[in-house]
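# here is a sequence together with a model predicted from it:
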Amino acid sequence: MAIKECIILAGGLGTRLRSAVPDLPKCMAPVAGKPFLAHVMNYFREQGIEKFIFSLGYKHAMIQEFLDQSYANLPKQYVIEKEPLGTGGAVQLACKQATEEQVLILNGDTMFSIQVPALAAFHSQQQAHCTLALKPMQHFDRYGVVEIAGNGAIKSFKEKQFYESGLINGGIYALQVAAFLSEGLPEKFSFEKDYLEQLYTSRPMYGIVQDAYFIDIGIPEDFERANRELRN
């Protein structure tokens, strides 16, 4: 079963990136001649995504104006947070606008070039509530580690510290909308801490490893690296 609808979380303040990109939402930071968000959207449209729901907050009008001009004919909706709701609250608000049973969740400041059809097929086969795209990494301390069983079921989430190697949560999820909305979660919460880490032992949650290009422009050195690497 294909996933055709995508929620992009783009409400963040981008405080760590301020030195390199003042006064812009993180996803609008110019990378190789266009807003980073355009690189993300163009890639996932090639992967079969047809509809987008944008979860916005900080400087949302700037993002809406760009999207309305550059993607005038693309089916899209905007969900505006009046106050920060956390990643979970943002996903929950956007899911209420979803029209498909399964959606893809992305972050507007991260590019992880996964194969969406493979993620969708695995998610469907496992009848998962949530399937995480996991990225193998070496020598890192910015991310926690996700451990999975042989069948992909999540075994544990480990805290951020230095790891020689491990699988990180790449911030892309296939999500079963009805199951997620039926959890009765609060208005404000963390998708990672309060949903994934609290419920993975009692819900069908899985991870699929995809060793694809990954960059998070949240810090200035990676923003500069993206500018070098994403030139077409």
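Perfect, thanks for sending it. Residues are numbered from 1 along each chain as shown.
# could you pull out the helices in this protein for me?
Here the chain has its helices, by DSSP state H, at 36-46, 60-70, 86-95, 116-125, 177-181, 197-199, 220-229.
# and the third one, what does it pack against?
Using 3 or more Cβ pairs under 8 Å, 6 or more residues apart in numbering; DSSP states H and E as the contact criterion, the secondary-structure elements in contact with helix 86-95 are strand 5-10, strand 51-56, strand 76-80, helix 177-181. Every residue, glycine included, has its C-beta placed from N, CA and C.
# figure out which of those is closest to Pro30.
Using Cβ to Cβ as the measure, strand 5-10 is the one of those that comes nearest Pro30, at 15.1 Å.
# using PDB, write down the CA coordinates of the closest one.
Provided in PDB are the C-alpha atoms of strand 5-10 (Å, rounded to 0.1, in the frame of the first residue of the first chain):
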ATOM      1  CA  GLU A   5       0.000  12.000   2.100                       C
ATOM      2  CA  CYS A   6       2.700  13.700   4.100                       C
ATOM      3  CA  ILE A   7       2.800  15.900   7.200                       C
ATOM      4  CA  ILE A   8       5.800  18.200   7.400                       C
ATOM      5  CA  LEU A   9       6.700  19.700  10.800                       C
ATOM      6  CA  ALA A  10       8.000  23.200  10.100                       C
END
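# for that strand, which outside residues touch it?
The contact list for strand 5-10 (Cβ atoms under 8 Å, 6 or more residues apart in numbering) reads 25-27, 37, 40-41, 44, 49-56, 63, 87, 90-91, 94-95, 98-100, 102-109.
# where does the residue nearest the centre of the chain land on pLDDT?
Central residue of the chain (Cα atoms, centre = their mean): Leu106, 2.3 Å from the mean position. Here, the pLDDT recorded for Leu106 equals 96.
# can you check the one 4 residues further on too?
Here, the pLDDT recorded for Thr110 equals 94.
# list the contacts for it?
Per Cβ under 8 Å, 6+ apart, neighbours of Thr110: Val40, Gly170, Gly171, Ile172, Phe214, Ile215, Asp216, Ile217, Gly218.
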